[in-house]
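Visitor: just the structure for this:
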Amino acid sequence: MKTLGIIAEYNPLHNGHHYHLQISREKIGPCRTVIVMSSTFMQRGEPAICDKWSRAEMAVLSGADLVLELPLPFACASANYFAEGAVAILAKSGCTHLAFGAEHPEQKTLSTIASFIEKETPPFAKKLRYYLAQGHSFPRSRSMALQDLLDINPDIVNNPNNILAIEYLRSIFRQKLNLQPLPIPRQGSPYHNAKLETGFPSATAIRKHLHNQGSIKKLAGYMPASALKIMEREIKKGQAPVFSQDLGPAILARLRGMGEHTINNYPEIAPGLDNRLLQSARDAISWDDLLEKATTRCFVRTRLQRILIYILLDLTLSLQEKIKFPRTPLYFRPLAFNQKGREILHELKEKEEMPLITRPAFRNRPRIPEIQHLLNLEARATDLWALLLPSPNNRGGGKDFRTPPRALF
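Guide: Got it, this is the predicted structure:
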């Protein structure tokens with residue numbers, strides 16, 4: 001049977017995600033569906049609005065069969081590493097197809113761009129260096145180089161879903177995978193649109209609505225009923241919502257206690273950014289204020305947010321080496337599954353492609369150092385995230401060690 005793979009964050013799952021799931025399954029016919037989903041922090045350096053098990057539950061109730069965790073070093077990395085890790089997990093789990101949303105879903109055009117970037121020809125490298133020397137960020141420099149050399153519509157290489165789509169295709173090329181791409185036209189509001197104005201709003205709009213203390217009932221037209229019910233449940237328990245702004249005091253405390261030598265131990269710190277972050281932290285009074293002070297044309301907000309998460313979680317360059325990042329992810333970790341998903345898990349266990357970890361308690365862990373380090377990092381991320389929960393009674397640690405995947409039959 002065909003196995004459909006999807007890479008997602010579901011922060012939270014909304015009508016657009018539900019549509020993408022259903023239309024992808026319709027296009028390839030009878031199949032099983034595996035989702036690789038970000039864990040506690042997102043690719044843009046933001047905390048999950050509710051815990052990973054609840055978001056995985058939303059996915060299974062919307063049509064997925066199995067949700068696997070994308071380990072944090074990949075989930076909270078730049079687009080190329082995010083794609084590399086997620087695509088590798090899907091391929092190793094036996095997926096035959098990879099469906100992804102795109103603002104411009106012409107596979108031939110996206111594949112041409114992905115192949116061109118992967119070859120890194122001398123003219124492309126020269127153009128890229130030129131724009132970087134002008135003080136532009138790497139994503140902006142690469143976009144302008146592609147526009148110059150391929151004469152393409154700028155939107156194709158600037159829209160968020162297209163950027164990820166291109167990286168997924170690059171990962172398929174690089175890893176030489178037999179994984180058939182399936183681009184799906186993105187429906188509804190653009191990724192960054194913060195207004196609840198269509199039946200397919202962005203996750204950004206939903207998070208903003210909740211941040212402004214909007215009624216959860218108002219989201220009834222924007223989220224599937226099952227996902228909305230889970231979100232309501234988590235809010236009533238005081239286990240949601242969580243927002244980036246809640247991280248302000250913790251990150252300011254960390255940065256104000258650091259020096260130049262310490263901050264340079266973290267990924268993505270470029271010359272000049274170390275001093276800028278430290279100085280901004282001395283003057284800033286909140287998460288948003290810190291980012292506003294530190295952001296420049298070269299150091300864009302998304303990159304800064306990722307770096308702040310690395311610092312909060314103590315995800316250093318040396319820890320990346322210990323877990324052998326960015327090598328292929330080291331294990332399968334299910335977050336939720338149904339009966340079909342359980343069958344897939346049995347197959348994964350028999351194939352022994354990677355260790356299958358259903359509950360990462362110390363006594364159940366594979367005695368492999370890099371897996372030990374990676375699971376400790378995941379636990380640390382969940383423990384820090386828990387401190388942001390609305391109810392103080394829910395802020396205890398150790399949830400990663402105790403929580404099994406959600407079995408939904």
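Visitor: run through the strands of the stretch 1-150 of the chain in chain order.
Guide: Using DSSP state E, counting those that start in this stretch, the strands of the stretch 1-150 of the chain run over residues 2-8, 31-38, 66-70, 97-102.
Visitor: wasn't residue 340 part of a helix?
Guide: Yes - assessed by DSSP: H, G, I helix; E, B strand; the rest coil, residue 340 belongs to a helix.
Visitor: ok, now which ones touch residue 395?
Guide: If you count contacts by CB atoms under 8 Å, 6 or more residues apart in numbering, residue 395 has them with 386, 387, 389. Using the backbone N, CA and C atoms, a C-beta is placed for each residue, glycine as well.
Visitor: residue 208 and residue 201 touch, don't they?
Guide: No - counting by CB atoms under 8 Å, residue 208 stays clear of residue 201, with 9.8 Å between them.
Visitor: of these two, who's got more company?
Guide: Neighbour tally, residue 208 and residue 201, criterion other CB atoms under 10 Å: the higher count belongs to residue 201, 24 against 17.
Visitor: secondary structure element for the more buried one?
Guide: Using DSSP states H and E, residue 201 is not contained in any helix or strand.
Visitor: wait, it sits on residue 222?
Guide: Yes - look at residue 201 against residue 222 with CB under 8 Å: they come within range, at 4.9 Å.
Visitor: hey, what's in contact with both of the two?
Guide: Common neighbours of residue 201 and residue 222 (CB under 8 Å, 6+ apart) are 14, 15.
Visitor: please, a PyMOL command that selects the buried ones among the contacts of residue 395?
Guide: Buried members of those, defined by 16 or more other CB atoms under 10 Å, are picked up in PyMOL with:
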select buried, resi 386+389
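Visitor: turn the contacts of residue 395 into JSON lines, including secondary structure.
Guide: Formatted as JSON lines, the contacts of residue 395 follow (three-state DSSP):
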{"residue": "386", "secondary structure": "helix"}
{"residue": "387", "secondary structure": "coil"}
{"residue": "389", "secondary structure": "coil"}
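Visitor: which single one of the contacts of residue 395 is nearest to residue 38?
Guide: Distance to residue 38 across these (CB to CB) is lowest for residue 386, with 16.8 Å.
Visitor: excluding chain neighbours, what is closest to the closest one?
Guide: Spatially, and ignoring its direct neighbours in sequence, residue 386 is nearest to residue 395 (5.2 Å; CB to CB, 6 or more residues apart in numbering).
Visitor: mind checking how far the one you found is from residue 88?
Guide: As judged by CB to CB, to the nearest Å, residue 395 and residue 88 stand 34 Å apart.
Visitor: mind listing what the nearest residue to residue 105 once chain neighbours are set aside touches?
Guide: Closest residue to residue 105 apart from its sequence neighbours, by CB to CB, 6+ apart: residue 183 at 3.7 Å. Taking CB under 8 Å, 6+ apart, we find residue 183 in contact with 99, 100, 101, 102, 105, 106, 107, 110, 165.
Visitor: check contacts around the second one.
Guide: For residue 100, the contact set (CB under 8 Å, 6+ apart) comprises 6, 7, 161, 164, 165, 168, 181, 182, 183, 184.
Visitor: let's see that with 6 Å instead.
Guide: Counting by CB atoms under 6 Å, 6 or more residues apart in numbering, residue 100 touches 165, 168.
Visitor: same check on the fourth one?
Guide: Under the criterion of CB under 6 Å, 6+ apart, the neighbours of residue 102 are 161, 162, 165, 183.
Visitor: 8 Å - rerun?
Guide: Counting by CB under 8 Å, 6+ apart, residue 102 has contacts 110, 159, 161, 162, 165, 183, 184, 185, 186.
Visitor: got it, and the first one?
Guide: Taking CB under 8 Å, 6+ apart as the criterion, residue 99 is in contact with 4, 5, 6, 20, 24, 27, 28, 182, 183, 184.
Visitor: ok, for residue 123, nearest residue in space, not its chain neighbours?
Guide: Using CB to CB, 6+ apart and skipping the chain neighbours, the partner closest in space to residue 123 is residue 149 (6.2 Å).
Visitor: ok, the one you found to residue 133 distance?
Guide: 17 Å.
Visitor: neighbour count: those two, which is higher?
Guide: Neighbour count, other CB under 10 Å: between residue 149 and residue 133, residue 149 has more, with 15 against 9.
Visitor: so how far is residue 112 from that one?
Guide: From residue 149 across to residue 112, the span is 11 Å (CB to CB).
Visitor: tell me where the stretch 201-350 of the chain is predicted with low confidence.
Guide: Within the stretch 201-350 of the chain, not a single segment meets pLDDT under 70.
Visitor: swap the cut-off to 80 and go again
Guide: Within the stretch 201-350 of the chain, the segments meeting pLDDT under 80 span 260.
Visitor: what helix or strand does the residue lying closest to residue 259 once chain neighbours are set aside sit in?
Guide: The spatially closest residue to residue 259, leaving aside those adjacent along the chain, is residue 278, at 7.7 Å (CB to CB, 6+ apart). Element membership for residue 278 (DSSP H and E) is helix 273-283.
Visitor: helices or strands up against that helix?
Guide: Contact partners of helix 273-283 among helices and strands, from 3 or more CB pairs under 8 Å, 6 or more residues apart in numbering; DSSP states H and E: helix 248-256, helix 260-263, helix 287-294, helix 301-313.
Visitor: can you rerun that using 7 Å?
Guide: Under the contact definition 3 or more CB pairs under 7 Å, 6 or more residues apart in numbering; DSSP states H and E, helix 273-283 sits against helix 248-256, helix 260-263, helix 287-294.
Visitor: now that helix: buried residues?
Guide: Across helix 273-283, burial judged by 16+ other CB under 10 Å covers 273, 274, 276, 277, 278, 280, 281.
Visitor: got those residues as CSV, with distance to residue 335 columns?
Guide: What follows is those, written out as CSV (distance: CB to CB, whole Å):
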residue, distance to residue 335
273, 34
274, 36
276, 37
277, 33
278, 37
280, 35
281, 34
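Visitor: correct me, but residue 98 touches residue 177?
Guide: No - in this structure residue 98 lies outside contact range of residue 177 using CB atoms under 7 Å: 8.7 Å.
Visitor: overlap in contacts, these two.
Guide: In terms of CB atoms under 7 Å, 6 or more residues apart in numbering, residue 98 and residue 177 are both contacted by the residues residue 87.
Visitor: please say which of these two ends up with more neighbours.
Guide: Between residue 98 and residue 177, counted using other CB under 10 Å, residue 98 has the larger neighbour count: 26 against 16.
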